[in-house]
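> okay, here's the prediction I keep looking at, along with the sequence it came from:
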Amino acid sequence: MYTADFDYELPPDRIAQTPIEPRDASRLLVLNRAAGTIEHRIFRDIGDYLKPNDLLVMNESRVIPARLRARKATGGAVEILMLRRRAALTWEVMVGGKGVRLGAVLELESRPGLTAVVMEELEGALRLIQFSQPISPLLDKVGEIPLPPYIHEPLRNAERYQTVYARTEGSAAAPTAGLHFTPELLAALQAKGVRQAFVTLHIGLDTFAPVTEERMEEHKMHSEWCQLPSETALAITETRARGGRVIAVGTTSVRVLESAARASIGEAGVIQPVVGDTSLFIAPGFQFRAVDAMITNFHLPRSTLLALVSAFAGRETILAAYEQAKAEGYRFYSFGDAMLIL
C-alpha cells in the first residue's frame with residue numbers, strides 16, 4: 001500500500017480559507033456505499049439521511065491557544081506548538097526554529113520573564129520543555145489558536161474554530177467535521193429521535209505531520225489521549241439493541257470508537273468505557289467493529305485521514321468522490337464542506 005496511492009491534485013483556490021456562515025450552510029456530499037451513489041445537498045439537510053434511534057457520536061475536545069511565539073537567548077525566533085502536558089510545568093511540544101537544543105532557554109514574546117527550558121530532545125521537532133511557571137492558566141493571554149498551515153486568512157472569531165459542543169480543553173486542532181453543526185440543527189435532529197453521545201480525543205501531532213514513508217503502513221502514529229465514557233458506551237449498546245446506527249462525527253470519533261471496540265472485553269459487540277492513549281492507525285484492510293456511518297470533511301492528499309476514509313468506503317470510491325467534489329466546486333479541508341458516508 002503505497003502512500004502515493006492516496007495522492008490527488010487540488011487547485012489552491014479549492015482550499016477553504018474562511019468558515020462559511022451559517023455553519024450548516026456548508027455543502028454535503030452524500031456517499032452511499034451500498035448503492036454506489038452520490039448526492040449533493042446542504043449540510044442542514046443531513047436529517048433526511050438520519051433515522052430515529054441513530055446515534056451521533058461527537059468529539060467534544062476543545063482547541064487550546066496552543067501556539068506560542070518565543071525567542072532564544074540569541075534573539076532567534078521560535079514557534080512553540082503545545083501538544084501535551086506531562087506535568088504542571090512540563091509539556092511535550094513541537095518547535096519551529098533553528099538550534100532549539102537541549103538546555104536552550106526560550107522567552108515568550110507576549111510575556112517577558114516567562115521562560116521555558118528544553119529538557120529533552122524527542123523525535124524530529126518534538127521537545128520536552130519546562131516552563132518557569134504554570135502555563136495553562138495563561139494560555140488565553142499568551143497563546144494563539146493554531147490554524148493549519150494551509151489557512152492564510154486571519155480568523156475573525158476564534159469560536160469558529162471550535163465546535164458548538166466543545167467542552168474539554170486539550171486539542172491543538174479542531175475536530176473539523178463537527179464545525180458544521182449548529183445548536184438549532186442538533187436540537188432538530190434530537191427532536192426527530194436521533195440521539196447524541198460524546199467522546200474525547202485531544203488532537204495532537206499527526207494532524208500536522210504528513211506521511212513521508214513510501215509505504216503507508218510504515219507510518220508511525222503518535223499517541224493521543226482519548227476517552228469513551230460510560231454513558232456513551234451505554235448509548236451505543238442501547239442503539240444496537242434498537243436497531244439504530246452508530247454515526248461517527250469526524251475521524252477522531254472513529255478512532256475513539258474503534259479503539260474502544262478493540263479494548264473491550266466481554267460480550268461480542270458490546271463496547272466498554274475506555275480512557276487513555278490511542279495510536280490506532282486505520283487504513284485499507286482495517287475491519288470496522290463500531291462505526292456504521294461517518295460524517296467527515298475532505299482531507300489532505302497522502303494523509304492518515306484520507307487513508308481512514310478509504311478504509312471505510314474504498315480507496316477508489318473515495319478518490320472518485322473527491323474528483324466529483326472538485327468538479328462540483330466543493331470547498332476542501334478544515335473550513336471546507338462535508339461528506340456523509342453511509
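Done, it's in. Owing to the predicted nature of the structure, the values given are computational and were not obtained by experimental measurement.

> could you use CA atoms for every contact and neighbour count after this?
Fine.

> so Gln324 lies in a helix, does it not?
Yes: under DSSP: H, G, I helix; E, B strand; the rest coil, Gln324 falls within a helix.

> show me the domain layout of this protein.
Domain assignment for the chain by automatic domain parsing gives 3-63+155-341, 67-142.

> of all those domains, which lies closest to Pro148?
Taking Cα to Cα, domain 3-63+155-341 is the member of those nearest to Pro148, at 7.5 Å.

> what about stretch 26-41, start to end distance?
9 Å (Cα to Cα, to the nearest Å).

> give the buried residues for it.
Ser26, Arg27, Leu28, Leu29, Val30, Leu31, Arg33, Ile38, Arg41 (16 or more other Cα atoms under 10 Å).

> swap in stretch 195-209?
Quick answer for stretch 195-209 (16+ other Cα under 10 Å): Arg195, Gln196, Ala197, Phe198, Val199, Thr200, Leu201, His202, Ile203, Gly204, Leu205, Asp206.

> from the residues you listed, pick the one nearest Lys51.
Arg195 (9.6 Å).

> what's across from the closest one in the sheet?
Per DSSP bridges, the residues bridged to Arg195 are Leu55.

> quick one on the thing from earlier: now, the buried residues of stretch 26-41 that are in helices?
Counting by DSSP state H, no part of these is found in helices.

> those residues: which two are farthest apart?
Counting by Cα to Cα, the most remote pair of the buried residues of stretch 26-41 is Ser26 and Arg33, 21.8 Å apart.

> coming back round to it: tell me which of the domains of the chain is the most buried.
Highest mean neighbour count of the domains of the chain: domain 3-63+155-341, a mean of 19 (counted as mean count of other Cα atoms under 10 Å).

> now the stretch 151-300 of the chain, which segments are flagged as low pLDDT?
For the stretch 151-300 of the chain, the stretches with pLDDT under 70 are 206-209, 265-269.

> do you have the strands of it handy? List them.
Counting by DSSP state E, counting those that start in this stretch, one finds strands in the stretch 151-300 of the chain at the ranges 168-171, 195-201, 224-228, 246-249, 274-278, 293-297.

> confirm Leu306 sits in a strand?
No: applying three-state DSSP, one finds Leu306 to be helix, outside a strand.

> hmm, it is touching Leu300, no?
Yes: Leu306 lies in contact with Leu300 (Cα atoms under 8 Å); the separation is 6.8 Å.

> check the chain for its longest strand and report it.
For the chain, the longest strand by residue count, based on DSSP state E, is strand 77-85.
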